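Asks: predicted coordinates and the sequence they were generated for:
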Amino acid sequence: MRKWISLFAVAGLATTVAAGCGNGNDNGNAPEGSPSASSSAPGTAAASASAAPSKSTGKAVELTFWGDWSGEGQKQFQTMVDAFNKSQDRIRVKYVLQQDMITKFLTAATSGGSPDILFWDRWRTSLYAPKKVLHPVDDFLAKDGLSKDDFYGEALKELTYDGKLYGLPLTVDARALFYNKKLLADAGVSAPPTTWQELEDAAVKTTKWDGNKLQVAGFSLGDNGLFNMYLQQAGGTMLTEDGKTNFNGDQGKAVLAYWDRLMNQDKVYKIGFEKGLGESTDAFATGKLAMTYTGPWMLTTYKKYGKDLDFGVVPPPAGPNGDKGSVMGGFGLVIPEGSKHQQEAWEFVKWWTANKDNALLWAKTSLNIPGFKPAIEDPFFKDDPFWQPFLETLEFAKIRPQHPGYSVMETDALIPNLELFQQKKQNADDTLKKAQQQGDKMLQDNASVK
Amino acid sequence: MASYGKLTRHQSRTAYLFITPTMLLFLVFTVVPVVMASYLSFTNYDVLSRMKWVGLENYRRLADDSLYWTTFKNVAYYTIVFVPLNILLSLGLALLLNYRRPGVRLFRTFSYMPTLTSAVAAATVWVWLLHPEYGLVNTLLGYAGVTGPAWLAQTETAMMSIILVTLWQSIGSNMIIYIAGLQGVPDYLYESAKLDGATAIDRFRYITWPQLRPTTFLVSTMSIIGALQLFDQAFVLTQGGPGNVTKTPVYLIYQQGFNQLQMGYASAQAFVLAVAILIFSMINMRMNKSEEPVV
């Protein structure tokens, strides 16, 4: 009865919302019609907590692997899946592309039809692990004698909830400073900046105005979501240990004062400058932006420009007291509680993420930094001038706070107030105070997940 | 008499037979989900692990949710500007294109074209057109010596930009409805009015406008509902920014339900939105029903 009600209810809300969402799918954010379509035989849900390893009956075990990467990403996944299937004959993995993966998983997790392996945006762990839909992998890890030290600690932390580990990291990323070598050299800046002060000086020198028109922006201030990163550089943290906002203090003020200087006194940027510029007209790629923070995912794009874009990458400049900071993100592989072949799924996860050769094959295929540290020792990463700064950054990069309401607090309380500050609609003190008040409430409202 | 009753019974049986598929679908996909959603709005349902009755807890939290009321203010402002402009422009366009002249069909097609484009694709193009430095709009303004604003990024102009883009996209279909309405106005009314010496303005004021009342009711109701459910264009154009001025209730409902797994609370939010739509539609009905059309 309960299941029946749930399915219809989800369908109901989805139809209500979908009416307004229309074609929002392009943003990967809207539901694809009614998700209840994937309901199947009842009684197959969850429950198999102690999945006994199936005996080898001679027939290969079929596993389903869900991911939401299409196009190039799908080909990269397929390369790995094929390589795994070729490496042994007991397990057959099939990649299934789910454009709207999380919504599909919501219904699949409780109504049967759950996949065996899930491609997982790691920050979701703190929201989903308490719901008991993911299977802990600690026992597998211990049995196979894998060392946690071989993985990026922060990435493992992001996959951990309440002392239990729920998957292994597949990729790690962090933002670093991209700079246009030619623009910096023309402006007489000899070396890329390593501190806030040097960054400001370089930005001032590279900025070019033509009357009211900004021709070259010295440094991008377009992404307020990077506040977390600046706050770390100023020596602060976003949340306190007990899950309240922690940015309304001297460090937060230092960040806003720095932004205000860059934006309003030095005028190295203009609001909306990069908005709506797609890949072909990317401000950095076309020489309209001298320096910007972005991640390793942009390397391929920028390298395509060849000698038209001579650029370099350095770790993020340190703050006034020498503090370094960057935010680590990335993906992992998790095993849903609803999978009927968790032992086999684990073998696939282990093969991919905890084996030097395979992790490296994945890294070279997809151009991502793998979460498995021994793979990074390879010259492909160590000796490359573009990868090396990211490896350096990852040494001090921290994950986002593990609070289920964190992303809501950031997008609905912090960033809107920062936008008002940037447009001089409110001063720094009010900005931080309002962001704190609204943010604390959102954290509290979204805290209970059990 | 007996045969008459038999015929009626037969006819009504056939009628029921014909509407059964539609009514079944309506029941399964609209009535049942709405009832379920109303039940869920009193629970802490999270899709995955729990569905406990929490009474009015969700609605109490809603009353205290300042962001939700901000989004309501945003769409209310949007509705108040968008709906009258929508009626004015589509009726104006329909009046212009209601004549039988060579080339008129071409213009009708052109005016209808934006409606055919996908909302998201069109919005993406508009993001480009409205770019502060390289966009067409500000480049044209630049020729006139005006430095245009960062349309989508500034608090002053963000909502206005969304209104203009959505107007551009919706007046085409409403124009078609109005043209159909205009062609339904009987010619003899105009003829006799002309004989009595009524001017063009008088004819519009006393014949066209009252005759179009049912059409206006349809157009205004549909645009009110659409306006209060604003989501995709706003999301593509501004992502709810700057400073929350373009966030809409549907955005929050989606976020709470599917991203935060608080489906119970999201259901409560959706219900409040549904009630708001109902109220706006009723007000609209009153305003349109106040005078009966003359024939």
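Replies: Thanks, I have it.

Asks: most proximal residue of the stretch 1-150 of chain B with respect to chain A?
Replies: In the stretch 1-150 of chain B, no residue comes nearer to chain A than residue B:33, which is 2.3 Å away by Cβ to the nearest Cβ. C-beta here means a position set from N, CA and C on the backbone, and glycine is covered the same way.

Asks: number of residues surrounding that residue?
Replies: Using other Cβ atoms under 10 Å in any protein chain shown, residue B:33 has 23 neighbouring residues.

Asks: for residue B:20, see how far away it is.
Replies: Distance of residue B:33 to residue B:20, computed by Cβ to Cβ, to the nearest Å: 19 Å.

Asks: check residue B:101 too.
Replies: Distance from residue B:101 to residue B:20, by Cβ to Cβ: 47 Å.

Asks: neighbours of residue 59, just the number please.
Replies: Chain wasn't specified; assuming chain A. Residue A:59 has 9 neighbours, counted by other Cβ under 10 Å.

Asks: switch to chain B, please.
Replies: Residue B:59: 17 surrounding residues under other Cβ under 10 Å.

Asks: that one contacts residue B:268, correct?
Replies: Yes - in this structure, residue B:59 is within contact of residue B:268 by Cβ atoms under 8 Å, at 5.6 Å.

Asks: chain center to the lengthiest helix in chain B, what's the gap?
Replies: For chain B, the helix that runs over the most residues, judged by DSSP state H, is helix B:66-96. Here the centre of helix B:66-96 is set off from its chain's centre by 8 Å, with Cα atoms, centre = their mean, to the nearest Å.

Asks: hmm, it touching chain A?
Replies: Yes - counting by Cβ under 8 Å from any Cβ of the partner chain, contacts between helix B:66-96 and chain A involve B:66-67.

Asks: helix/strand/coil for residue A:120?
Replies: With DSSP: H, G, I helix; E, B strand; the rest coil as the basis, residue A:120 sits in strand.

Asks: and the gap between it and residue A:321?
Replies: For residue A:120, the distance to residue A:321 - Cβ to Cβ - is 36 Å.

Asks: looking at those two, which one has more neighbours?
Replies: residue A:120 (28 against 10).

Asks: and the more buried one, bridged to which residues?
Replies: residue A:332 (DSSP bridges).

Asks: list the contacts of it.
Replies: Each residue near residue A:120 by Cβ atoms under 8 Å, 6 or more residues apart in numbering or on different chains is listed here: A:159, A:167, A:331-334.

Asks: how much space between it and residue A:133?
Replies: Distance from residue A:120 to residue A:133, counting by Cβ to Cβ: 11 Å.

Asks: please apply the same query to residue A:105.
Replies: Taking Cβ to Cβ, one finds residue A:105 at 8 Å from residue A:133.

Asks: give the residues shared as contacts by the two.
Replies: Shared contacts of residue A:105 and residue A:133, defined by Cβ under 8 Å, 6+ apart, comprise residue A:336.

Asks: adding pLDDT, write the contacts of residue A:120 out as a markdown table.
Replies: As requested, the contacts of residue A:120 are exported to a markdown table (pLDDT from 0 to 100):
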| residue | pLDDT |
| --- | --- |
| A:159 | 97 |
| A:167 | 96 |
| A:331 | 97 |
| A:332 | 97 |
| A:333 | 97 |
| A:334 | 97 |
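
Asks: from those residues, which single one is nearest chain B?
Replies: Chain B lies nearest to residue A:334 out of the contacts of residue A:120, by Cβ to the nearest Cβ, at 14.2 Å.

Asks: in contact with the closest one, which residues?
Replies: Residue A:334 sits next to A:117-118, A:120, A:125, A:134-135, A:159, A:166-167 when contact means Cβ under 8 Å, 6+ apart.

Asks: out of those residues, which sit inside strands?
Replies: A:117-118, A:120, A:167 (DSSP state E).

Asks: buried subset of those?
Replies: Buried members of the ones in strands among the contacts of residue A:334, counted by 16 or more other Cβ atoms under 10 Å in any protein chain shown: A:117-118, A:120, A:167.

Asks: between these, which is nearest chain B?
Replies: When those are compared for distance to chain B (Cβ to the nearest Cβ), residue A:118 wins out at 13.7 Å.

Asks: quick one: that closest one and residue A:348, what's the gap?
Replies: 12 Å.

Asks: ok, residue A:268 next?
Replies: Taking Cβ to Cβ as the measure, residue A:268 falls 48 Å from residue A:348.

Asks: quick check, residue B:46 in a helix?
Replies: No - using three-state DSSP, the assignment for residue B:46 is coil, not a helix.

Asks: give the next helix or strand downstream of the helix-or-strand element of chain A with minimal mean pLDDT.
Replies: Lowest on mean pLDDT, DSSP states H and E among the helices and strands of chain A sits helix A:2-21, with a mean of 43. Proceeding N to C from helix A:2-21, the next assigned helix or strand is strand A:61-67, under DSSP states H and E.

Asks: what is whichever helix or strand comes after that next one packed up against?
Replies: Going down the chain from strand A:61-67, the next helix or strand is helix A:72-87, by DSSP H and E. Helix A:72-87 is packed against strand A:61-67, strand A:91-97, helix A:342-353, helix A:356-366, with contacts defined by 3 or more Cβ pairs under 8 Å, 6 or more residues apart in numbering or on different chains; DSSP states H and E.

Asks: just the closest of the contacts of residue A:120 to residue A:393, please.
Replies: Set against residue A:393, the nearest of the contacts of residue A:120 by Cβ to Cβ is residue A:331 (17.7 Å).

Asks: any regions of the stretch 51-200 of chain A where pLDDT drops low?
Replies: A:51-58 (pLDDT under 70).

Asks: so which bits of it are right by chain B?
Replies: Within the stretch 51-200 of chain A, the positions near chain B by Cβ under 8 Å from any Cβ are A:102-103, A:106-107, A:109-110, A:127-128, A:131-133.

Asks: of the contacts of residue A:334, closest to residue A:434?
Replies: Checking the contacts of residue A:334 against residue A:434 with Cβ to Cβ, the nearest one is residue A:125 at 29.6 Å.

Asks: and that closest one, how close does it get to residue A:137?
Replies: For residue A:125, the distance to residue A:137 - Cβ to Cβ - is 12 Å.

Asks: okay, and the common contacts of these two?
Replies: A:166-167.

Asks: one step back: of residue A:268 and residue A:348, who's got more company?
Replies: Using other Cβ under 10 Å as the criterion, residue A:268 and residue A:348 rank with residue A:268 on top: 27 against 23.

Asks: domain ranges for the chain?
Replies: Unless you meant another one, I'm taking chain A. Chain A is divided into the following domains under automatic domain parsing: A:60-173+A:329-399, A:176-221+A:268-325, A:223-255+A:403-450.

Asks: that's the other chain; I wanted chain B
Replies: B:1-34, B:66-289.
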